[in-house]
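Engineer: After the sequence you'll find the predicted model.
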Amino acid sequence: MTTSVAVVGASGKLGSLVCRLITESEDFELAAQLGSSSDLSEMLVADIVVDVSLPSISRKVLEFAVENGKSILIGTSGWSAERINQVEPLIDQHPEVGVIFISNFSLGSALSAHLATLAAKHFDSIEIIEAHGIHKVDSPSGTAVSTAERIGKVRDQDIQAPHADQRARGQLVAGVPVHSLRMEGVVAKQDVIFGGNGETVTITHTTLSDRSYEAGIMAAIRALPGLSGKIVGLDRVISL
């Protein structure tokens with residue numbers, strides 16, 4: 001028996017990839033493809049929903065899906081911990097619904113963020129540099145925000161970044177300065193840099209093509225049917 005899926009943001013780069021993977025899978029079928037001119041009610045023909053739309057409409061998509069009893073995978077960027085907390089009461093009101101938030105579907109990205117949380121306990125100087133192509137709308141990236149928030153969560157003391165009041169020092173996320181590059185020729189890259197006494201450590205993840213997202217996308221979609229409550233992060237889906 002197959003599970004039917006509606007994809008919101010189906011015409012985008014990531015949406016097209018999600019649609020192809022669902023079409024090629026044996027246990028899922030593509031029931032609806034929603035674009036900018038679609039009515040959200042079109043998702044109701046499906047068993048579950050995947051949202052890879054835009055940060056500006058993603059919350060509306062989530063609220064509509066949850067209120068109509070549809071479990072949903074949120075792959076749209078821009079969902080900070082604060083923003084997720086704002087919709088948690090709605091999710092709690094619908095315990096029959098599952099919601100998964102993933103800012104980056106790359107297994108390598110999930111692993112590098114996990115390694116960063118291990119290193120964060122041992123260094124006080126920590127900064128993040130993330131780079132994406134010129135068409136990425138939001139900055140910092142959802143991956144960088146998520147990584148910084150996870151670093152802040154595991155530390156006993158707040159990070160005291162020097163001269164953080166200067167604009168050129170980046171945007172502070174959980175005390176971590178995050179610097180964003182938007183450049184031609186880049187798919188995605190993130191460096192988490194740790195400074196210690198006489199040494200530095202850099203954890204780098206580089207995305208060379210969209211194929212790096214395929215395994216993570218399918219792992220997240222397969223985790224959605226039967227899920228109750230929320231999961232945040234691909235690392236939780238794959239049990240890192």
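Structural biologist: Happy to help now that I have it. Numbers count the residues shown, from 1 in each chain.
Engineer: Next one: the residue nearest the centre of the chain from Leu227, what distance?
Structural biologist: The centre of the chain sits closest to Ser103, judged by Cα atoms, centre = their mean, with a distance of 0.6 Å. Separation of Ser103 from Leu227 (Cβ to Cβ, to the nearest Å): 18 Å. Yep, even glycine has a C-beta here, placed from its N, CA and C like the rest.
Engineer: Once you drop chain neighbours, what's closest to the residue nearest to the centre of the chain?
Structural biologist: Once flanking residues are discounted, Ser103 sits nearest to Gly142: 3.4 Å by Cβ to Cβ, 6 or more residues apart in numbering.
Engineer: Quick one: the helices in the chain, in order.
Structural biologist: 13-24, 55-67, 81-92, 107-119, 142-154, 214-223, 234-237 (DSSP state H).
Engineer: Now do the same contact list for the closest residue to Ala113 other than its chain neighbours.
Structural biologist: Spatial nearest neighbour of Ala113, excluding adjacent residues (Cβ to Cβ, 6+ apart): Thr147 at 4.7 Å. Residues near Thr147 by Cβ atoms under 8 Å, 6 or more residues apart in numbering: Ala113, Ala116, Ile128, Gln190, Val192.
Engineer: what do you get for Gln160?
Structural biologist: Asp124, Gly175.
Engineer: Tell me how the protein divides into domains.
Structural biologist: By the assignment in automatic domain parsing, the chain contains the domains 3-101+211-237, 107-208.
Engineer: which one of those domains is the most hemmed in?
Structural biologist: domain 3-101+211-237 (a mean of 18; mean count of other Cβ atoms under 10 Å).
Engineer: Span of that domain from start to end?
Structural biologist: 19 Å (Cα to Cα, to the nearest Å).
Engineer: what about that domain, distance to the chain center?
Structural biologist: 11 Å (Cα atoms, centre = their mean, to the nearest Å).
Engineer: before we move on, back to that, hmm, the residue nearest to the centre of the chain is touching Thr143, no?
Structural biologist: Yes: using Cβ atoms under 8 Å, Ser103 is in contact with Thr143, at 5.0 Å.
Engineer: what touches both of the two?
Structural biologist: With Cβ under 8 Å, 6+ apart, Ser103 and Thr143 have common neighbours Ser77.
Engineer: dump the residue contacts of Ala10.
Structural biologist: Applying Cβ under 8 Å, 6+ apart, the residues contacting Ala10 are Ser16, Val18, Cys19, Gln33, Leu34, Gly35, Val52.
Engineer: ok, it to His135 distance?
Structural biologist: In terms of Cβ to Cβ, Ala10 sits 17 Å off from His135.
Engineer: try Thr202
Structural biologist: Distance from Thr202 to His135, by Cβ to Cβ: 26 Å.
Engineer: What of Asp27?
Structural biologist: On the measure of Cβ to Cβ, Asp27 and His135 end up 32 Å apart.
Engineer: What of Ile231?
Structural biologist: Counting by Cβ to Cβ, the gap from Ile231 to His135 is 28 Å.
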